[in-house]
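Chemist: Got a predicted structure here, sequence first:
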Amino acid sequence: MKLRLLREPFVHFLVLGALIFGAYAWLNDEPAALDSNNRIVIDQGELDHLKRLWKLQWKRDPAPSDVAAIIDRHLRQEVFYREALKMNLDHNDGIIKKRLAQKMEAIADDLSTLMRPPTNEQLKEYYESRADFFKLPKAYAFKQVLFLPGETKGMEATLISMRRGADVPLDRKNKLSVPVEWSLTSVGDIDNAFGEGFSEALDNLPVGKWSGPVQSGYGSHLVFIEQKEEPRVPGFDEVRDYVAREYEYQSVLETQDQVYDELLGKYQVSITAKDVPAEIRNEFVK
């Protein structure tokens, strides 16, 4: 989603100018001269260094897609760093290059804070355009009684007893601190608690009747399904606050990316490293 405000170059430049207290060269209509400060070179030595740092963090050699991400992040940092220096953001600040780049990113983020809060109609439009994103997964409300691997001898008798209306035995309540009663819980959270596949097993159980056993990482469970809720898109009013937060988050990302793209356009990128695939090189060298 592109914000209408961001489509107006004059408004965009005006807001940016207010943030930095003056017009800088990169806001001019005329393209900046490509002097030595507007040329970014990624040679083989630089790329090897970046890849070594990546490998130290991830404990493996970067794949081609990782190399693209490494180059993109380096260019982003380099562009924001140089622009930060032009704005004297390093004055009396001994923090390294990464910190200066973060300052420029923060300025880009501030563009979103100067915009008017979205109207209810804008949020509804955003919500309706991303219905799948806001869709709630299948969920269950249920009770469970846990039997550890060495305790299954009396499980069948317990199942028959509870089907006849008996309470959960005292020695079965909160076994291993696993609660007996679970309010409406999404399948993702259920599988996180009991292990992958547990929620799928619940789907085959009847509602309103003790059933089982169902296996988990803990052991065997007798389960009473109280409610099944199919996946659904909640009403806008139910999730309005969440929609607003997601709208703001995406707006900040889009604003920062747009500022970065404009700044990057001022620089001549040269990738002289030989082991960069052509499709990656073409992505950054225009």
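Modeler: Alright, I've got the coordinates.
Chemist: Leaving out sequence neighbours, find the closest residue to Gly197.
Modeler: Asp191 (7.0 Å; C-beta to C-beta, 6 or more residues apart in numbering). Just so you know, the C-beta spots here come from the backbone N, C-alpha and C atoms, and that holds for glycine as well.
Chemist: now what about the helix or strand hosting the one you found, what contacts it?
Modeler: Using DSSP states H and E, Asp191 falls within helix 187-194. Helix 187-194 has contacts (C-beta atoms under 8 Å, 6 or more residues apart in numbering) with 137-140, 178, 182, 185, 197-200, 202, 216-218, 221.
Chemist: Mind listing what's buried along it?
Modeler: In terms of neighbour count (16 or more other C-beta atoms under 10 Å), helix 187-194 has its buried residues at 187, 190, 193-194.
Chemist: Pull the distance from it to the chain's centre.
Modeler: Put simply, helix 187-194 sits 20 Å off its chain's centre (C-alpha atoms, centre = their mean, to the nearest Å).
Chemist: Can you pick out the ones from the contacts of helix 187-194 that are in helices?
Modeler: 198-200, 202 (DSSP state H).
Chemist: May I see the PyMOL selection of the buried members of those?
Modeler: Selecting only the buried entries of these in PyMOL, with 16+ other C-beta under 10 Å as the criterion:
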select buried, resi 198+199+202
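Chemist: returning to what we had before: which PyMOL command selects the buried ones in the contacts of helix 187-194?
Modeler: To isolate the buried members of the contacts of helix 187-194 in PyMOL, using 16+ other C-beta under 10 Å:
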select buried, resi 138+139+140+178+182+185+198+199+202+216+218+221
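Chemist: Ala278: which of the contacts of helix 187-194 is nearest?
Modeler: Taking C-beta to C-beta as the measure, Ala278 lies nearest Pro137 of the contacts of helix 187-194, at 41.7 Å.
Chemist: Now the closest one: closest residue in space that isn't a chain neighbour?
Modeler: Ser186 (4.8 Å).
Chemist: show me what contacts that neighbour?
Modeler: Neighbouring residues of Ser186 by C-beta under 8 Å, 6+ apart: 136-139.
Chemist: okay, those in CSV with distance to Asp61 and pLDDT next?
Modeler: As requested, the contacts of Ser186 are arranged in CSV below (distance: C-beta to C-beta, whole Å; pLDDT from 0 to 100):
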residue, distance to Asp61, pLDDT
Leu136, 40, 89
Pro137, 36, 91
Lys138, 40, 93
Ala139, 42, 95
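Chemist: and those residues, which two are the farthest apart?
Modeler: Every pair of those checked by C-beta to C-beta; the farthest is Leu136 and Lys138, at 8.4 Å.
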